[in-house]
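# Task: produce atomic coordinates for the following.
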Amino acid sequence: MNTRIIGAAVAAVLVVAVAACSREQTSGGGPAVAVGKGADSGVLVGADQPRSDTDFWSAYAGYLGPKAAAAGVRLENTSSDNDSNRLKSNVDTLLSKDVKAIIMAPQDTAAAKPALTAAASRNVPVISVDTRPDSGGAYMVVRADNRAYGANACTYLGETLHGTGKVVEFQGDLASINGRDRSQAFADCMRTKYPNIKVIEIPTEWKADKATSGLQDKLLTDPDINGIYMQAGGAFLQSTLALLKRTGKLVKAGQPGHISIVSNDGIKAELDAIDAGDIDATVSQPADLYAQYAAMYAKAAVDGKKFTPGPTDHGSTIVDTGGGQLEDQLPAPVVTRTGGKVGDMDTVASSDPALWGRGR
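Numbers count the residues shown, from 1 in each chain. Take a look at the predicted model:
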């Protein structure tokens with residue numbers, strides 16, 4: 001049988017297996033990772049889970065209930081399962097239940113406007129987590145600097161590969177601001193700082209099967225690939241490692257033939273893969289802090305609090321992204337096996353117990 005067909009089939013099985021884990025029915029009618037109800041009493045906030053097919057979003061969902069409880073927020077949960085139409089329907093459902101604020105994480109940021117408009121028509125503030133709607137209109141965006149994700153991944157690979165080689169980039173969905181920010185920053189950095197590295201872009205729409213099939217093709221046409229940038233480890237890690245192992249390309253860090261791999265997310269599986277020498281680095285998106293400050297800002301919105309650009313009391317910076325749209329950019333450290341400097345970039349060790357992926 002053709003090895004490409006076998007690879008695609010294995011990748012598809014992996015995707016289905018991940019997506020099938022830890023799901024239950026929510027009030028939005030769709031399958032989603034179980035989310036706690038938050039406080040037994042307190043302000044009622046609607047919380048739409050964007051997807052349940054990656055370890056990162058499973059972790060976020062697990063944090064949200066306890067963080068909401070600590071903030072005095074009671075949750076009404078729905079799941080849009082990466083569907084913009086379902087997001088709008090879920091927002092309508094939440095509004096009918098008289099929620100006082102809504103937490104959402106729209107995956108297609110250009111298509112989030114109807115949901116935002118519906119909430120605005122009822123004067124219900126929206127907190128957008130991880131993504132920033134293209135049309136704005138959120139009370140606060142809780143996010144990290146996604147351009148820094150792409151630039152830091154570029155710096156790590158550029159320095160590690162000494163400015164030469166071929167690097168595959170698994171691009172996130174370009175309908176999402178996160179995919180655009182990471183891709184544009186990575187491309188800009190490579191073009192200006194490491195012009196002798198060839199970047200091979202593979203569009204993925206955040207789907208593991210697209211990443212795996214694309215990489216399988218490129219390993220045949222470009223067998224000298226020596227770097228990979230995965231924009232979402234939660235989506236791409238396991239299927240990528242499986243493909244590299246199957247093709248004899250999974251070589252431990254420090255050994256001849258090793259492909260340097262940088263990821264984004266900070267899930268435990270990535271940290272373990274760094275420890276094992278299978279990948280080299282990740283950017284740790286703060287799933288715990290996303291949940292904590294989403295709940296905090298939802299409560300603050302209901303209480304009528306106002307925020308302005310500048311440093312916060314929790315180690316982040318609020319910026320105005322245009323038109324008065326505020327975004328709290330939470331810290332997202334680069335993680336390597338030993339920590340320390342890579343070029344002029346600071347990194348933390350994968351064993352650091354402060355990393356949320358280590359279960360803090």
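
# burial count for residue 121?
Residue 121 has 9 neighbours, counted by other CB atoms under 10 Å. C-betas here are computed from N, CA, C, even on glycine.

# what about it, distance to residue 326?
In this view, residue 121 and residue 326 are 21 Å apart by CB to CB, to the nearest Å.

# and what of residue 308?
8 Å.

# if you count what's nearby, which of the two comes out ahead?
Taking neighbours as other CB under 10 Å, residue 308 and residue 326 compare with residue 326 leading, 18 against 7.

# which residues touch the more buried one?
139-141, 307-309, 318-320 (CB atoms under 8 Å, 6 or more residues apart in numbering).

# now swap in residue 253 and tell me
Applying CB under 8 Å, 6+ apart to residue 253 gives the contacts 260, 277-278, 280, 337.

# picking up where we left off before, now do the shared contacts for residue 308 and residue 326.
residue 318.

# Now stretch 121-141: average pLDDT?
On average, the pLDDT along stretch 121-141 is 94.

# Would you format the contacts of residue 326 as CSV with secondary structure included?
Below are the contacts of residue 326 laid out as CSV (DSSP: H, G, I helix; E, B strand; the rest coil):
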residue, secondary structure
139, coil
140, strand
141, strand
307, coil
308, coil
309, coil
318, strand
319, strand
320, strand
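
# Need the residues you listed in JSON lines (columns: distance to residue 115).
Below are these laid out as JSON lines (distance: CB to CB, whole Å):
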{"residue": "139", "distance to residue 115": "14"}
{"residue": "140", "distance to residue 115": "16"}
{"residue": "141", "distance to residue 115": "14"}
{"residue": "307", "distance to residue 115": "22"}
{"residue": "308", "distance to residue 115": "26"}
{"residue": "309", "distance to residue 115": "25"}
{"residue": "318", "distance to residue 115": "23"}
{"residue": "319", "distance to residue 115": "23"}
{"residue": "320", "distance to residue 115": "22"}
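
# Return a PyMOL selection command for the buried portion of those residues.
Applying 16 or more other CB atoms under 10 Å to the contacts of residue 326 leaves a buried subset, and the PyMOL line that selects it is:
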select buried, resi 139+140+141+318+319
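
# Of the contacts of residue 326, just say which sits nearest to residue 147.
residue 319 (11.5 Å; CB to CB).

# Spit out the contact partners of the closest one.
309, 326-327, 329.

# State the distance from residue 203 to residue 53.
Counting by CB to CB, the gap from residue 203 to residue 53 is 18 Å.

# So for these two, which sits in the more crowded spot?
Set residue 203 next to residue 53 and count neighbours by other CB under 10 Å: residue 53 wins out with 22 against 16.

# Looks to me like the more buried one is in a helix.
No. Looking at residue 53 with three-state DSSP, it is coil, so not inside a helix.

# thought it was touching residue 236?
No. Counting by CB atoms under 8 Å, residue 53 does not reach residue 236; the two are 11.8 Å apart.

# ok, then the element right after the one helix or strand residue 212 maps to?
Residue 212 is part of helix 208-221 when elements are defined by DSSP states H and E. The helix or strand immediately downstream of helix 208-221 is strand 227-230, counting by DSSP H and E.

# which stretches of the stretch 1-150 of the chain form strands?
Here the stretch 1-150 of the chain has its strands, by DSSP state E, counting those that start in this stretch, at 23-25, 31-33, 43-49, 73-79, 101-104, 126-129, 140-143.

# buried stuff in the fourth one?
The neighbour-count check on strand 73-79 (16+ other CB under 10 Å) flags 73-79 as buried.

# sorry, back to before: which among the contacts of residue 326 gets closest to residue 99?
For the contacts of residue 326, the nearest to residue 99 is residue 139 (13.3 Å; CB to CB).

# Now the phi/psi pair for the closest one, please.
As for residue 139, its main-chain torsions (degrees, to the nearest 10) stand at phi -60, psi -40.

# residues in contact with it?
By CB under 8 Å, 6+ apart, the neighbours of residue 139 are 101, 125-127, 297, 301, 326.

# how does it look with 7 Å?
125-127, 297, 301 (CB atoms under 7 Å, 6 or more residues apart in numbering).
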